[in-house]
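1. starting from these lines, generate the structure:
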Amino acid sequence: MDCIFCKIVKGEIPSKTYYEDDLCLVTLDIQPGTVGHSLVIPKKHVHILNNDKELAAHLFQVASKVSKILLKVFRSDGTTTLLRSGAVAGQRIPHVSVHIIPRKTGDGLLQHEPVHVDTDTRQKYASLIADNLNTTEQDVENDEKELESIVEEKTNSNSNSTEIDEKETKAEAGESSVKDDSSVEKSGDTGEVDLDEIAGLFK
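-> Model prediction:
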């Protein structure tokens, strides 16, 4: 399988990994939004976060701990935690990853204009979502297979329509230090991330 994250897990691609356990590893994103932007990557190849409750719970438990550590190490004002499913959501590699991004006041990341949705429409979709929570395990499995097929098709379509250069192909692989990225200057931090310091806080 030609998956960059799977290659990172196997050690076939160098990465700035600073935590690892039986289910996942945590590494620095090679194209970070801010210095310290980290990825929690499951060792099992999973395209979208499906009905594996144990894996989902574990990924977010680790992400929560990473968030606290990044707040301490980078003296951040907060962190943003993202799970991307599908190319339209910014997923460039068809393998689940949870992003934890240290934030500073006024950093300008993830700004967007709110979309106005009227009360009746919100109620309609709240009810529809609630109804779908009461599905059987078999319904969940069927829905997941259908969703994963759609997401994979759109992700592959997006990948095929764009010529990806070497840097993008190795995006999030961690082959170079974060300080080489332009986002370091944007965030005002110029020092290289001390992986030993971050890793030590997991103990």
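2. can I assume residue 85 is in contact with residue 91?
-> Yes: in terms of Cβ atoms under 8 Å, residue 85 counts as a neighbour of residue 91; the distance is 6.2 Å. Using the backbone N, CA and C atoms, a C-beta is placed for each residue, glycine as well.
3. okay, and the beta partners of the closest residue in space to residue 17 that isn't next to it in sequence?
-> Counting by Cβ to Cβ, 6 or more residues apart in numbering, residue 27 is the residue found nearest to residue 17 once chain neighbours are left out, at 4.3 Å. On the basis of DSSP bridges, residue 27 is bridged to residue 17, residue 39.
4. what's the answer for residue 82, then?
-> With DSSP bridges as the criterion, residue 82 is bridged to residue 99.
5. can you give me the helices in this structure?
-> Per DSSP state H, the chain carries helices over the ranges 4-10, 53-74, 119-133, 137-160, 166-169, 182-187, 195-200.
6. name the helix or strand of this structure that has the lowest mean pLDDT.
-> helix 182-187 (a mean of 32; mean pLDDT, DSSP states H and E).
7. worst average pLDDT in the helices of the chain?
-> When the helices of the chain are compared by mean pLDDT, helix 182-187 comes last with a mean of 32.
8. so how far is residue 38 from the residue nearest to residue 17?
-> Using Cβ to Cβ, to the nearest Å, one gets 7 Å for the distance from residue 27 to residue 38.
9. for residue 2, give its distance to residue 45.
-> 11 Å.
10. sorry, back to before: of residue 27 and residue 38, which one has the most company?
-> Shown here are residue 27 and residue 38; by other Cβ atoms under 10 Å, residue 38 has more neighbours (29 against 23).
11. dump the residue contacts of the residue lying closest to the more buried one once chain neighbours are set aside.
-> Distances taken as Cβ to Cβ, 6+ apart put residue 100 closest to residue 38, at 4.9 Å, once the chain neighbours are dropped. With contact set as Cβ atoms under 8 Å, 6 or more residues apart in numbering, residue 100 has these partners: 37-40, 63, 66-67, 70, 79-81.
12. please repeat the previous calculation with a cut-off of 6 Å.
-> Shown here is residue 100, whose contacts under the criterion Cβ atoms under 6 Å, 6 or more residues apart in numbering are 38, 63, 66-67, 79, 81.
13. wait, residue 62 touches residue 39, no?
-> No: the criterion here is Cβ atoms under 6 Å, and residue 62 misses it with residue 39 at 10.8 Å.
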